[in-house]
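In: Quick one, fold the following:
(one chain, ligands or ions: 2)
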Amino acid sequence: MDDCIFCNIVKKEADCDIVYEDPDSMAFTDINKQAPVHILVIPKKHMRSLAEIKDADLPIIGHLFDVVNKVAQQQGISKKGYRLVINCGIESGQSVWHLHIHMLGGRR
Ligand code: 5GP
Ligand code: ZN
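Out: Ligands and ions are numbered 1, 2, ... in the order given. Down below sits the predicted model:
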């Protein structure tokens, strides 16, 4: 989607600090960090929110959690622990309409 900032990041048309990438997913540092480690894990395929995923998307959703595990190890927060947040819909405050998992860690 042309007007989606995360699709532009996937296409490398927008600047960002990519920490992980594979054919189906990407992880990058949040532009407005809320914790010492604040990374967003996204599917490369545009999906507006968790509420709008299709059955065919379920394998990629599972894959995203494997990516979370890999990135946690890479960032050194796997053993210490971290928080995952998925905002879904207007009342959650979702502001970017491309599914993403927030990884927050590096402090209690
Ligand atoms: P949401 O509120 O939708 O769950 O979270 C969207 C997140 O995306 C926010 O934490 C925001 O800081 C981050 N974000 C928005 N635009 C950009 C951007 O252009 N680059 C990066 N790296 N993060 C962004
Ligand atoms: Zn998108």
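In: Can you report how many residues neighbour the residue nearest to I39 when sequence neighbours are not counted?
Out: Excluding its sequence neighbours, the residue lying closest to I39 (CB to CB, 6 or more residues apart in numbering) is M103, at 4.4 Å. Backbone N, C-alpha and C define where each C-beta goes, glycine included. Neighbourhood size, M103 [other CB atoms under 10 Å]: 25.
In: again, but for E21
Out: By other CB under 10 Å, 14 other residues sit near E21.
In: which residue packs closest to it, ignoring adjacent ones?
Out: With CB to CB, 6+ apart, the residue lying closest to E21 is A27, at 7.5 Å.
In: quick one: the strands in this protein?
Out: Ranges of strands within the chain are 18-21, 25-29, 37-43, 82-85, 101-105, based on DSSP state E.
In: residues from this protein in reach of ligand 2?
Out: Residues of the chain lying near ligand 2 by CB under 5 Å from the ion: M1, C4, F6, C7, H46, H98.
In: Whichever of the residues you listed end up buried, select them in PyMOL.
Out: Burial among the residues of the chain next to ligand 2 is assessed by 16 or more other CB atoms under 10 Å; the matching PyMOL selection reads:
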select buried, resi 4+6+7+98
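In: No more questions from me, cheers.
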